[in-house]
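K.L.:
got a sequence here, can you build the structure:
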Amino acid sequence: MRAFRLTNLILILIALIYAPMSEAAGPPRGQPAWGAGSGALAEQRTTGGPHAGGPRRVAIDRIELMPRKPSPFVMKDWKALAQAYDRFIFDFNAKGEYLPVIWWDHSRPNFDRVTFGLPSYVGDPRVTRTGHEAITCMGAVLGATIAGIDKARGPYNWVLMVEQYFNRKNGENLVLNKTSTQSGQTFWYEVWPHVLFYALVDRYPNTGKMEAIMKTTADRWYDACYHMGGKNGTADFDHTAFDFNTMQPVDNGKWKEPDAAAGVGWLEYMAWVKWRSPKYLQAADWSMQFLHNRKENPHYEILMPYGAYESMMSTSCSHGVSMKAKRGQAGVLSPKIGAVTVVMGWSAAFLMGAATPLP
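P.N.:
Model (predicted):
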């Protein structure tokens, strides 16, 4: 059995979970069909332009070959598949090669309670009892939650167990990808676990110490933004990572991960939505200013869609909407962290990933 990355399947399931559950009947009136394009270009193709007398319709040969209503076509019931996936991976009694995939981790590295592990790759001999990843385990809990399963009820509180990814014993005081590791290696593995954790805080309020952990880590990321240049007006994320022990950015000389600005900006904005502390809003603005000023495409991994969301909702005057107006909207327009923004983010990231082969 070839090793398969559970993380990738979790991503796909969350991305598609709210897709239509019935046979496709074509797009609603006034909306482009799949393959018809979107935005201004699609409008020009189908209507001749955004205004009467606008530019003439521009046809693209390859697009014209795509059917507006594929036939036959049936949309898979992704919600049912996600629920079945949850039953499968959380089954300690599953039988078969490499089964069960779940195991108990009794190491109690940060809190005096047992947690669980899932392999990032099924059949990977490198996996150890304590070597599970937050992006796989928290992703599974969040995905099940979005599919309508309460992971805090029943014989085990799976939500409470993910507190173990808050690395407090080693002094990092961050939600990292392992239960005991160090910051300063890669933004992606140090920001994305926080995104998943914040989403779970939203869906499971008053669970354990999770809200306090969210606030502590939001404070830590504010400090990172400040030391990466926020104190001078704009944080500089054109680095590989940030080392919270030295409070300095890290460059490994091989690659950079500038889209961390989008992820950190989202974290800080969500902290502001929850606690309304001006410093969180300031850090979100520093992050978005970096992306606004950047000339090159900053995309590295999954975080950019969160910047797109945060740029729409942020309160910075420099983003095209007055601060007063945006603050007035925030309480109404901000979707629940785990319900809408995570689905939006994973969906967009999944589609973006289609252009980049998954590992």
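
K.L.:
so where is the protein shaky, pLDDT-wise?
P.N.:
Low-confidence segments of the chain, defined by pLDDT under 70: 1-56, 310-359.

K.L.:
where exactly do the strands run in it?
P.N.:
Under the criterion DSSP state E, strands of the chain are mapped to 4-5, 103-105, 115-117, 121-122, 241-243, 248-250.

K.L.:
for residue 71, find the nearest of the ones you listed.
P.N.:
The closest of the strands of the chain to residue 71 is strand 4-5. By CB to CB, the value is 31.6 Å. Glycine gets a C-beta too; all of them are placed from N, C-alpha and C.

K.L.:
what is the burial count for residue 129?
P.N.:
Counted with other CB atoms under 10 Å, residues neighbouring residue 129 total 11.

K.L.:
ok, residue 250 next?
P.N.:
15.

K.L.:
how about residue 71?
P.N.:
Residues near residue 71, counting by other CB under 10 Å, number 7.

K.L.:
contacting residues around it?
P.N.:
With CB atoms under 8 Å, 6 or more residues apart in numbering as the criterion, no residue contacts residue 71.

K.L.:
mind checking how far it is from residue 109?
P.N.:
To residue 109, residue 71 is 54 Å away according to CB to CB, to the nearest Å.

K.L.:
neighbouring contacts of stretch 99-117?
P.N.:
Stretch 99-117 is contacted from outside by 6, 88-94, 118-119, 122, 127, 129-132, 137, 158, 160-169, 179-180, using CB under 8 Å, 6+ apart.

K.L.:
quick one, which of those residues are buried?
P.N.:
Buried members of the contacts of stretch 99-117, scored by 16 or more other CB atoms under 10 Å, are 6, 89-90, 118-119, 122, 127, 132, 137, 158, 160-168, 179-180.

K.L.:
just checking, residue 262 touches residue 300?
P.N.:
No - applying CB atoms under 8 Å as the test, residue 262 and residue 300 come out as separate, 9.8 Å apart.

K.L.:
what about these two, which has more around it?
P.N.:
When neighbours are counted by other CB under 10 Å, residue 262 and residue 300 differ, and residue 262 comes out ahead with 29 against 18.

K.L.:
separation between the closest residue to that one other than its chain neighbours and residue 126?
P.N.:
Nearest non-adjacent residue to residue 262, counting by CB to CB, 6 or more residues apart in numbering: residue 307, 2.6 Å away. The gap separating residue 307 from residue 126 is 33 Å, by CB to CB.

K.L.:
quick one, which of those two is more surrounded?
P.N.:
Neighbour tally, residue 307 and residue 126, criterion other CB under 10 Å: the higher count belongs to residue 307, 27 against 9.

K.L.:
in this protein, which spans are helices?
P.N.:
According to DSSP state H, the chain carries its helices in the segments 6-16, 39-47, 61-64, 78-89, 134-146, 158-161, 187-203, 210-227, 260-275, 278-293, 304-313, 323-333, 342-353.

K.L.:
picking that back up, residue 151 is nearest to which of the strands of the chain?
P.N.:
Ranking the strands of the chain by proximity to residue 151 (CB to CB) places strand 115-117 first, at 11.0 Å.

K.L.:
pairing partners for the closest one, with directions?
P.N.:
strand 103-105 (antiparallel) (DSSP bridges).

K.L.:
which parts of the partner strand are buried?
P.N.:
residue 105.

K.L.:
stretch 201-213 now?
P.N.:
Going by neighbour count (16+ other CB under 10 Å), the buried part of stretch 201-213 is 201-204, 207-208, 210-211, 213.

K.L.:
residue contacts, residue 193?
P.N.:
Residue 193 makes contact with 134-135, 138, 165, 175-177, according to CB under 8 Å, 6+ apart.

K.L.:
please name the nearest non-neighbouring residue to it.
P.N.:
Spatially, and ignoring its direct neighbours in sequence, residue 193 is nearest to residue 134 (4.1 Å; CB to CB, 6+ apart).

K.L.:
any idea how far residue 68 is from that neighbour?
P.N.:
42 Å.

K.L.:
the two - which one has more neighbours?
P.N.:
Comparing residue 134 with residue 68 by other CB under 10 Å, the one with more neighbours is residue 134, at 23 against 12.

K.L.:
any idea how far that one lies from residue 231?
P.N.:
To residue 231, residue 134 is 30 Å away according to CB to CB.

K.L.:
hey, what's the nearest residue to residue 213 once chain neighbours are set aside bridged with?
P.N.:
Excluding the flanking residues, the one nearest residue 213 by CB to CB, 6+ apart is residue 166, at 4.9 Å. Residue 166 forms beta bridges with residue 175, as assigned by DSSP bridges.

K.L.:
who's in contact with residue 166?
P.N.:
Contacts for residue 166 were tallied using CB under 8 Å, 6+ apart; they are 110-111, 173-175, 197, 209, 213, 217.

K.L.:
highest neighbour count among the residues you listed?
P.N.:
That'd be residue 175 among the contacts of residue 166, by other CB under 10 Å, with 29 neighbours.

K.L.:
who are the contact partners of that one?
P.N.:
The contact partners of residue 175, by CB under 8 Å, 6+ apart, come to 134, 165-167, 193-194, 197, 213, 217.

K.L.:
surely the residue nearest to residue 262 meets residue 266?
P.N.:
Yes - in this structure residue 307 lies within contact range of residue 266 using CB under 8 Å: 6.9 Å.

K.L.:
and the nearest residue to residue 86 once chain neighbours are set aside, how close does it get to residue 85?
P.N.:
Counting by CB to CB, 6+ apart, residue 144 is the residue found nearest to residue 86 once chain neighbours are left out, at 4.1 Å. Distance of residue 144 to residue 85, given as CB to CB: 8 Å.
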